[in-house]
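> fold the following, please.
(chains A and B)
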2 protein chains.
Amino acid sequence: MTCSPQKPVEQRLHGDVPVVDATEAATSINTDATVLISGFGSVGYPKEIPLALVEDDRDLSLTVVHSGNVGDEIDVDLVESGAIERRFSYQSSRVARAATNRRDIAFSDRNASAIGDEVQYGGLVDSAIAIVEAVAVGEDWFIPSTSLGQVPAFVEAADQLFVELNHRQPLELQLLHDVYRPDAPPNRDPVPLTDPSERIGTAHVSFDAEKLAGVVETSTPDSTYTFRDPTDDDLAIAGNLGAFLDTEMERSSVFEDAVHLQFGVGSLGNALMGKLKELDFGDRDVAYFGELIQDGLLDMLDDDRLECASATSMALTDDGQQRLFENVERYAEDVVLRPADVSNHPGVINQFGVIGVNSAIEVDIYGNVNSTHVGGKRMINGVGGSADFNRNSLVTVCALPSTLKDGEVSRVVPMAFHVDHTEHDVDVFVTEQGVADVRGCSPVERAERIIESCAHPKFAPKLRSYLEDVREQNNHIPHDIHRAMEWHE
Amino acid sequence: MTCSPQKPVEQRLHGDVPVVDATEAATSINTDATVLISGFGSVGYPKEIPLALVEDDRDLSLTVVHSGNVGDEIDVDLVESGAIERRFSYQSSRVARAATNRRDIAFSDRNASAIGDEVQYGGLVDSAIAIVEAVAVGEDWFIPSTSLGQVPAFVEAADQLFVELNHRQPLELQLLHDVYRPDAPPNRDPVPLTDPSERIGTAHVSFDAEKLAGVVETSTPDSTYTFRDPTDDDLAIAGNLGAFLDTEMERSSVFEDAVHLQFGVGSLGNALMGKLKELDFGDRDVAYFGELIQDGLLDMLDDDRLECASATSMALTDDGQQRLFENVERYAEDVVLRPADVSNHPGVINQFGVIGVNSAIEVDIYGNVNSTHVGGKRMINGVGGSADFNRNSLVTVCALPSTLKDGEVSRVVPMAFHVDHTEHDVDVFVTEQGVADVRGCSPVERAERIIESCAHPKFAPKLRSYLEDVREQNNHIPHDIHRAMEWHE
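The predicted model follows:
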């Protein structure tokens, strides 16, 4: 048996591993299997076995588990094939949404940090098969590719393992990885991370050699992200956020020497990351400690304006991925990829006093945030890691445009009928209209600030009128629920 | 200057500390001051200065900050006097509720673990006075009494400090304490706790000697708790919870050698703690890692059925407190009191794989939990530490009776119009009717289980009919919000 690598490996295949083709692998999977798959931020997920499952003639009713966004081979093709009966925890394609809203797929959602423990210890999975993408593999180890997600937990929880060895993903990606899986409860040691840039693990994931069912070779690229160009609203939000960060750095001695930032996924998040480079951080060490590294951050890294970037995925566009692939060794000096149970760990986010910036579908005037279900009913995407950062950051910012549908619909509403982040969790709201810092405010004070600073002028009068009318009540959080409902009809 | 104690102290007053009377202390406090007070679980809070503030002739508009429940001197007398303009984060007396719902008091609420950081680093407090209860005091240290709460953070954040030296609280309480305040973000070390019983701190809280404005001597007792006798429902819930715990210990290898439990505050929580002693834990090490130690746990400790109990407060009845006071040295062998930023720390709860059991006002069929606001509007109490344990426990249980008001009102409703714990957070629901383990379930599957296993037979048909009608929709979480609203009218 080959030992786990102690130094960078220079070949992709090590030892006596069983190379199989994707169809062979797919056929060996039971029709009602539970499959735990790698992938986060639309990169680093297996492609060939999912596509072979799409082609499978059998009547499949799979349970598919992953911890972040995956690409079209799974989120579109496999979903459309009707092979998935149950799925957790994240999804976001148009096709997956539709299947979930029709309830053709039973979907259960949990914040990104929790899904590893949930799978391994929570009774979510009985017997399971892990399918992971790798850049190198040996008899009892592999090196993941562009994301880590909950791969170490999934591999520990699985009885069987298929590795997709992707020749297109550079072998040098191993330089980014810091694989560390917290030990088992109920007497875990603390995660021994004391700095966002520190490395506490390995480049490879180890496994029990008996689990390895097969290695499938492939060169298929990730689906990657496509970002729209920043809109005027995106730029105005970035400007307002920048002004808030300036004030906060001035206000708090916590940020005297160092600032640790996180930004959520998406076009807005990417635009915000890009705008970071215009901010004057003075002599401060600026580090990114988040879940995803998007294209906007590569500029900061190129300009030497970031000490380090720590995340669980390189969630880049095609261009961004190309830029990474051509310069992995240089980026590896400042970039660390970790499992999501470290990158999103509630205790570690708390340690690093992160300023977390995440988006939402809508916020209500009292500060409740809906990031998953329109009108309380229709799923748009999973909750992802926003729950980890919104709860555990030192300063929690919710940044979003004040309207959607070309200004026809307000994203600031009287009441959110689905709450993913409660009124206890978010400190600051930022829209293109302005900034509402609601720390220490009562609910009605929050409502005043959110309406006056964040609502679009087209909707502010109606929100103001709602608040004026309900505040006649003797209630801590005055509401007229029937009237609040009209905003969602 | 006296040095901080390195070994147990045998006297209450050390060095040259300024002893003042309560009126003198109260008069020195600005009329619009921010006061950070000790107290958690209705014990360990200052009594004399609050009462002197009640008697103060000036027009007071104080901001009062504490992290857990305090006694009647503050939560009734000081509130009734109209001296409090703003308050965070927890409150629960009838008088405080009424003032909060009238919005005479601006109230902002946050989970117990977060309030220390929020005060010290979050811009919540500019200049502040700490008032704490102690059993001993020196020129730059004091030893807290029956609770720790967020005292270390408050003392660090305050410019001035008054200590109420309470002669009624036994000096031996120092044996229980493990005072550890995480260092400052953004580069904190991990909390180095590896076992619920471990001690990593000191018996005393240190402070800058220049802060000490005065020591007030008193012998006033805590308000303490009064628990009703367990009802038939309480006992049935305890029975169902016990059956669930049996199954879970059988199912999961995590609990093969050790079980770490937490129970929320209140008569039900106390009854559940009391029922623990009837459960067969086999050879397992059973530890309590929670926020409050209530009377029910003392029985377990007396019977040697607990390895240890770790919490931030001895939230006992008068009888329980008497029992503790007469046997502090014996209980100190197995009891550790910690600051709430350790007892409730998201990372530490995660480390210890806690089975967390908390109650609620109501739950909805999809698993959203309301623990603070009736009908989404009327505040009953703060969110407390339930948010910490509901989010970070390995297994999260919400235990509550299925009805209230003598069975006239269902606590299982179609939609909770205030959400403190989201559908992503709770694993298991327990009422006197039964147990719904909803791990891995989709929202509609959760609804089926919660209705069938947890709703009262009087209300189950109406809930079933709601679900049957709304499930015609093509929505992930089908709802008829107007109809759901009728349950709250």
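> CA atoms for contacts and neighbours, from now on please.
Fine.
> chain center to the helix or strand of chain A with the lowest mean pLDDT, what's the gap?
Here the helix or strand of chain A ranked lowest by mean pLDDT, DSSP states H and E is helix A:267-275, holding a mean of 82. In this view, helix A:267-275 has its centroid 15 Å away from the chain centroid, taken as C-alpha atoms, centre = their mean, to the nearest Å.
> what lies in contact with the next helix or strand along the chain from that helix?
Where DSSP states H and E defines the elements, the next helix or strand beyond helix A:267-275 is strand A:285-289. Residues from elsewhere that reach strand A:285-289 (C-alpha atoms under 8 Å, 6 or more residues apart in numbering or on different chains): A:196, A:257-262, A:305-311, A:343, A:349, A:354.
> and stretch A:113-129, by the same measure?
With C-alpha under 8 Å, 6+ apart as the test, stretch A:113-129 has contacts from A:29, A:33-36, A:67, A:89, A:150, A:153-154, A:156-162, A:340-346, A:385, A:388, B:251-252, B:254, B:394-395, B:439-440.
> helix or strand for the residue of chain A found nearest chain B, which one?
Relative to chain B, the nearest point of chain A is A:Gly347 (3.7 Å; C-alpha to the nearest C-alpha). Secondary structure assignment for A:Gly347, by DSSP H and E: helix A:346-351.
> is the helix or strand following that helix anywhere near chain B?
Downstream of helix A:346-351, the first helix or strand assigned by DSSP H and E is strand A:355-358. No. Counting by C-alpha under 8 Å from any C-alpha of the partner chain, chain B is not contacted by strand A:355-358; separation bottoms out at 9.7 Å.
> could you point out the helix or strand that follows strand A:355-358?
On the C-terminal side of strand A:355-358, the closest following helix or strand by DSSP H and E is strand A:362-364.
> neighbouring strands of that following strand in the sheet, and parallel or not?
According to DSSP bridges, strand A:362-364 forms sheet pairs with strand A:369-370 (antiparallel), strand A:412-413 (parallel).
> mean confidence for it?
If you average the pLDDT over strand A:362-364, you get 98.
> who's in contact with that strand?
A:Val369, A:Asn370, A:Ser371, A:Leu400, A:Arg411, A:Val412, A:Val413, A:Pro414, A:Met415, A:Ala416.
> could you do stretch A:27-35 as well?
A:53, A:56, A:58-65, A:125, A:127-131.
> just the ones of those in helices?
A:Leu53 (DSSP state H).
> are any of the contacts of stretch A:27-35 buried, and if so which?
A:53, A:56, A:60-65, A:125, A:128-131 (16 or more other C-alpha atoms under 10 Å in any protein chain shown).
> the residues you listed: which two are farthest apart?
A:Asp56 and A:Val125 (23.2 Å; C-alpha to C-alpha).
> report the buried residues of the helix holding A:Gly347.
Here helix A:346-351 shows A:Pro346, A:Gly347, A:Val348, A:Ile349, A:Asn350, A:Gln351 as buried, counting by 16+ other C-alpha under 10 Å.
> and what of stretch A:308-325?
By neighbour count on 16+ other C-alpha under 10 Å, the buried set for stretch A:308-325 is A:308-318, A:320-321, A:324-325.
> how about the closest residue to the residue of chain A closest to chain B other than its chain neighbours, what does it touch?
Closest residue to A:Gly347 apart from its sequence neighbours, by C-alpha to C-alpha, 6 or more residues apart in numbering or on different chains: B:Gly347 at 3.7 Å. Counting by C-alpha under 8 Å, 6+ apart, B:Gly347 makes contact with A:Pro190, A:His345, A:Pro346, A:Gly347, A:Val348, B:Asn392.
> may I have the helix or strand where A:Phe162 lies as PDB, with CA atoms only?
Using DSSP H and E, A:Phe162 falls within strand A:160-166. Below are the C-alpha coordinates for strand A:160-166, written out as PDB (Å, rounded to 0.1, in the frame of the first residue of the first chain):
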ATOM      1  CA  GLN A 160     -17.400   3.100  -0.700                       C
ATOM      2  CA  LEU A 161     -15.400   5.700  -2.600                       C
ATOM      3  CA  PHE A 162     -15.100   6.600  -6.300                       C
ATOM      4  CA  VAL A 163     -12.500   9.100  -7.200                       C
ATOM      5  CA  GLU A 164     -12.700  11.100 -10.500                       C
ATOM      6  CA  LEU A 165      -9.200  11.900 -11.400                       C
ATOM      7  CA  ASN A 166      -9.500  15.100 -13.400                       C
END
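> close to chain B: what parts of the stretch 301-450 of chain A are there?
So the stretch 301-450 of chain A meets chain B at A:345-348, A:350-354, A:376-379, A:394-395, A:417, A:419-425, A:439-443 (C-alpha under 8 Å from any C-alpha).
> and for A:His14, the neighbour number?
20 (other C-alpha atoms under 10 Å in any protein chain shown).
> picking up where we left off before, the inter-axis angle of the least confident helix or strand of chain A versus strand A:285-289?
Angle, helix A:267-275 to strand A:285-289, by axes from the mean of the first three to the mean of the last three C-alpha atoms, to 10 degrees: 160 degrees.
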